[in-house]
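Chemist: Give me a model of this one.
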Amino acid sequence: MSANERAIRALRELLHKPGNQACADCGAPGPEWGSCSLGVFICLGCSGIHRNIPDIGKVKSLTLSRWEDSEVQFMAENGNALAKTRYEAAVPVYYYKPTHKDCQVLREQWIRAKYERKEFTEAEKKLTYEEATRDGMLMKRGRDNGQFLSRRFVLSVREGTLKYFTKYDAKEPKATIKMDTINASFQPEKIGNPNGLQITYLKDYKNRNIFVYHENGKEIVDWFNSIRAVQLHYLSVAFPGATDAELRPKLTRNFLKEGYMEKTGPRQTEGFKKRWFTLDHRRLMYFKDPLDAFAKGEVFLGNSDLGYSASAGLPTGTHCNGAWNYGITIVTPERSFLFTCETEGEQQDWVQHFNNVLRTPMTPQEYSMEALYKYKH
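Modeler: Numbering: from 1, shown residues only. Just a heads-up that it's a prediction; the model follows:
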């Protein structure tokens, strides 16, 4: 056995140590790379990010690279668990720690914040996300013309709002978004920009979407985490007895699933039309275009014990004139909704997501949401 084969065998054994079975940065299982600079085991995706940061850029494949004995020893002396105590010692509750399913800009800025800027090594360190006011320019997509134009945004802890202005010196904001209704989710593919962020809020009891980006990845992620910091402040005041573990899930959330399906109308005799669907927990919203400001309509998904169900297939006799043949039927106490998917895989995935929601017990706030939905419809 050669020296390098012994080194690779030793590295493989180190992967069995607690903490080393998953990527140190995004949690992806089975890391295949190691950082010789930090002594951590990482996945292929995160290794590319590390490589672009000069101070931590020395990474090697655990199977294809040549390892020196000193490097293997360094990996053994460090490892993911020890690195976490050092570089993640004081990650704020509001800071979003990305997973391997998140987009590149979130993962890159998390890695840079940890190792390059060392933001989380000390508990008392003042972070940019916690400033009382954040004021800056973002590129915002116009609701009607679809053009991205520079707009001023102001985030205020004291007011608990995010405002945006059509002109920098405008006295009145175009919109004032309250923290109790806001959500923010990175959508690079949908927006067509690697730093694309979708902000959703409630306007006149309807969900309003705005789409923004900034050319600088750090800037847009800073805005995202600043929104979460203000949200946490608001929730801490609104729910003074709540723990961090209880408040964290109430901060910004990713949509459960998005994609195209076809749907028919309430009489179920109309033609099936292709629509973009967003499943935001119990709200299934559909849009003519993925970048529409408002949904064309929505379906509230309650609990399976209350007369809600979702299943593959369409009722017997349904005339399906669309191009897609994999049907889904959602039954609510008021009516049934019929959809079709392009593939069986998409059909099964949607049904699984629907039933996961329907099996979840409803909160008091969701009962109120259900009542409002019934009143509106």
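Chemist: Skipping adjacent residues, who's closest to residue 31 in space?
Modeler: residue 41 (4.2 Å; Cβ to Cβ, 6 or more residues apart in numbering). Glycine gets a C-beta too; all of them are placed from N, C-alpha and C.
Chemist: Am I right that the one you found sits in a helix?
Modeler: No - Residue 41: not assigned to a helix; according to DSSP: H, G, I helix; E, B strand; the rest coil it is strand.
Chemist: quick one: contacts for it?
Modeler: For residue 41, the contacting residues are 14-15, 20, 23-24, 31, 33-35, 62, 75, 79-80, by Cβ atoms under 8 Å, 6 or more residues apart in numbering.
Chemist: Now do it against residue 177, distance only.
Modeler: In this view, residue 41 and residue 177 are 41 Å apart by Cβ to Cβ, to the nearest Å.
Chemist: pLDDT-wise, which helix or strand of this protein ranks last?
Modeler: When the helices and strands of the chain are compared on mean pLDDT, DSSP states H and E, helix 364-376 comes out lowest with a mean of 80.
Chemist: and that one, what does it pack onto?
Modeler: strand 297-300 (3 or more Cβ pairs under 8 Å, 6 or more residues apart in numbering; DSSP states H and E).
Chemist: for residue 180, helix, strand, or coil?
Modeler: Criterion first, three-state DSSP; result for residue 180: coil.
Chemist: pretty sure it is touching residue 234, no?
Modeler: Yes - taking contacts as Cβ atoms under 8 Å, residue 180 lies within contact range of residue 234: 6.6 Å.
Chemist: so what sits against both of the two?
Modeler: residue 160.
Chemist: More neighbours: which of those two?
Modeler: Taking neighbours as other Cβ atoms under 10 Å, residue 180 and residue 234 compare with residue 234 leading, 19 against 13.
Chemist: any idea which helix or strand comes after the strand or helix carrying that one?
Modeler: Under the criterion of DSSP states H and E, residue 234 resides in helix 217-238. Remark: after helix 217-238, the chain's next helix or strand is helix 244-247, criterion DSSP H and E.
Chemist: which of the residues in that next one are buried?
Modeler: Of the residues in helix 244-247, residue 247 count as buried by neighbour count, 16 or more other Cβ atoms under 10 Å.
Chemist: got it, and stretch 28-39?
Modeler: For stretch 28-39, by 16+ other Cβ under 10 Å, it's 28, 31-39.
Chemist: Take these and keep only those in strands.
Modeler: With DSSP state E as the criterion, strands contain 33-35 from among the buried residues of stretch 28-39.
Chemist: Tell me how far the residue nearest to residue 83 when sequence neighbours are not counted lies from residue 151.
Modeler: Excluding its sequence neighbours, the residue lying closest to residue 83 (Cβ to Cβ, 6+ apart) is residue 40, at 4.8 Å. The spacing between residue 40 and residue 151, counted by Cβ to Cβ, is 39 Å.
Chemist: and the two? which has more neighbours close in?
Modeler: residue 40 (29 against 20).
Chemist: Would you mind listing the residues in contact with the more buried one?
Modeler: 24-25, 34, 78-80, 83.
Chemist: run the last query once more with 10 Å
Modeler: By Cβ atoms under 10 Å, 6 or more residues apart in numbering, the contact list for residue 40 reads 19-20, 23-25, 31, 33-34, 46, 50, 56, 59, 75, 78-84, 87, 115.
Chemist: ditto for residue 275
Modeler: The contact partners of residue 275, taken as Cβ under 10 Å, 6+ apart, are 260-263, 285-290, 295-297, 339.
Chemist: and it, what pLDDT?
Modeler: On pLDDT, residue 275 comes in at 96.
Chemist: so can I have a markdown table of the buried residues of stretch 28-39 showing pLDDT and distance to residue 171?
Modeler: Shown next, in a markdown table, are the buried residues of stretch 28-39 (pLDDT from 0 to 100; distance: Cβ to Cβ, whole Å):
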| residue | pLDDT | distance to residue 171 |
| --- | --- | --- |
| 28 | 97 | 49 |
| 31 | 96 | 53 |
| 32 | 96 | 56 |
| 33 | 96 | 53 |
| 34 | 96 | 56 |
| 35 | 95 | 51 |
| 36 | 92 | 56 |
| 37 | 92 | 51 |
| 38 | 96 | 50 |
| 39 | 96 | 54 |
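Chemist: Make JSON lines from these and add distance to residue 357 to it.
Modeler: Below are the buried residues of stretch 28-39 laid out as JSON lines (distance: Cβ to Cβ, whole Å):
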{"residue": "28", "distance to residue 357": "26"}
{"residue": "31", "distance to residue 357": "32"}
{"residue": "32", "distance to residue 357": "35"}
{"residue": "33", "distance to residue 357": "36"}
{"residue": "34", "distance to residue 357": "40"}
{"residue": "35", "distance to residue 357": "39"}
{"residue": "36", "distance to residue 357": "45"}
{"residue": "37", "distance to residue 357": "43"}
{"residue": "38", "distance to residue 357": "40"}
{"residue": "39", "distance to residue 357": "42"}
